[in-house]
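In: Need a 3D model of the following:
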Amino acid sequence: MRRLLAIALVATTSFGCSIYKAATAPPPIAVDQVKTGISRSEVMSVLGTPKASDVVREERTDVYEFIDGFDSATKFRIVPYIAADFFTIGLAELVLWPMEVALLQGSEGRAVVTYGDDNRAKTVVVLKRDGSPWRKPENEMVSSSKGSP
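Out: The predicted model follows:
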């Protein structure tokens, strides 16, 4: 009887956590639009308010932190979550919630943008959370053909 009561308690307290996380997941960010030559207001419209901003010798440097989420169509994963919660009396949350938090909340990134005196981006560096480049530059494509001249 106690085991059943414990299961019911866990089910009722965790019911909907994965649904909430899926519904409030961050949207995608058009990081590719942030490039040299665009205005500071355009950068802020894509990346939001800078986390830090500094001016040295008439050159502004802004640091942005962002989470690049998934398309809003992926929020339809809520439907199977509701079904799983219903048919398992909430026990599916023991699997769905950690999966939602670990895999489906988007990629964290950081951008450092330096502006000239005209408030246009002079340099743009966008990195993943681990410090690796956000996207591989197009000129670094590796050829897979062997023995070709």
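In: residue boundaries of the strands in this structure?
Out: Taking DSSP state E as the criterion, the chain carries its strands at 52-56, 59-68, 107-115, 121-128.
In: out of these, nearest to residue 30?
Out: strand 59-68 (9.1 Å; C-beta to C-beta). Every residue, glycine included, has its C-beta placed from N, CA and C.
In: those helices in this structure, which residues are they?
Out: 2-14, 17-23, 40-47, 78-87, 93-103 (DSSP state H).
In: residues of the fourth one that come out buried?
Out: Read it as helix 78-87. For helix 78-87, the neighbour count (16 or more other C-beta atoms under 10 Å) marks 78, 81, 84, 85 as buried.
In: Quick check: mean pLDDT of it?
Out: Average pLDDT, helix 78-87: 88.
In: Next: the third one.
Out: Helix 40-47 shows an average pLDDT of 94 in the prediction.
In: So which other helices or strands are in contact with it?
Out: strand 59-68, strand 107-115 (3 or more C-beta pairs under 8 Å, 6 or more residues apart in numbering; DSSP states H and E).
In: In a markdown table: those strands, plus mean neighbour count and distance to residue 28.
Out: Formatted as a markdown table, those follow (neighbours: other C-beta atoms under 10 Å; distance: least, C-beta to C-beta, whole Å):
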| stretch | mean neighbour count | distance to residue 28 |
| --- | --- | --- |
| strand 59-68 | 17 | 6 |
| strand 107-115 | 18 | 10 |
